[in-house]
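Asker: only the shape, not the letters, is given here:
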Ligand SMILES: Cc1cc2nc3c(=O)[nH]c(=O)nc-3n(C[C@H](O)[C@H](O)[C@H](O)COP(=O)(O)O)c2cc1C
């Protein structure tokens, strides 16, 4: 699958079949996440892979919009390790790029996934940190719920010329300019 097709067919998938996600696909997604760009190539990320159904079943207790998690075979918690940051404060952008790469690799592997936001909601950050026994300098950014999608995803294109600005705010819009 080419990258443009992957981007446009990536949708948040919240309904999964009973099929497990094989180890090769997990490696593919983690490798994609770890190949994301990062400030100064600092790669200040850590990943917790959750394949234990009992733990997935508890995710809705620590996240209010995670109703799909108990029915998914896999979750990956993306965390920033602030002890490994090269340029302080950029870990959020680094780990967001890693999360998006992970989502696109899921599409490329025939899987479906949804990004659950954790950071910067402080009670969620605290709850995930406690549940996954994170060290103090490791901050959870996103929890990605993954499985084999029950339905095929429709292609989306949200291009909006009104959100484009040529050279400065007021000058013009693509494609007219
Ligand atoms: C930072 C962030 C946080 C999100 N949090 C949740 C969430 O808690 N629960 C959920 O079901 N979806 C969550 N989503 C998925 C969005 O709802 C979804 O991306 C958006 O509705 C667009 O739909 P699409 O992903 O299918 O294109 C989140 C997405 C992002 C980027």
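Answerer: Arrived safely. In this text the structure is predicted, and so the values were computed from the model without any measurement.
Asker: got the residues of the protein near the ligand?
Answerer: 11-12, 14, 65, 114-117 (CB under 6 Å from any ligand atom). No exception for glycine: its C-beta is placed from N, CA and C like everyone else's.
Asker: just the buried ones from those, in PyMOL syntax?
Answerer: In PyMOL syntax, the buried subset of these is picked out as below (16 or more other CB atoms under 10 Å):
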select buried, resi 11+14+114+115+116
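Asker: and which of the residues of the chain next to the ligand is nearest residue 83?
Answerer: Set against residue 83, the nearest of the residues of the chain next to the ligand by CB to CB is residue 117 (23.0 Å).
Asker: what about residue 94, distance to the ligand?
Answerer: Separation of residue 94 from the ligand (CB to the nearest ligand atom, to the nearest Å): 15 Å.
Asker: tell me which element that residue falls in.
Answerer: helix 91-108 (DSSP states H and E).
Asker: for that helix, give the mean pLDDT please.
Answerer: Confidence over helix 91-108 (mean pLDDT, whole number) is 98.
Asker: let the chain start at 730 from now.
Answerer: Happy to do that; since the first residue is 730 now, the last one works out to helix 820-837.
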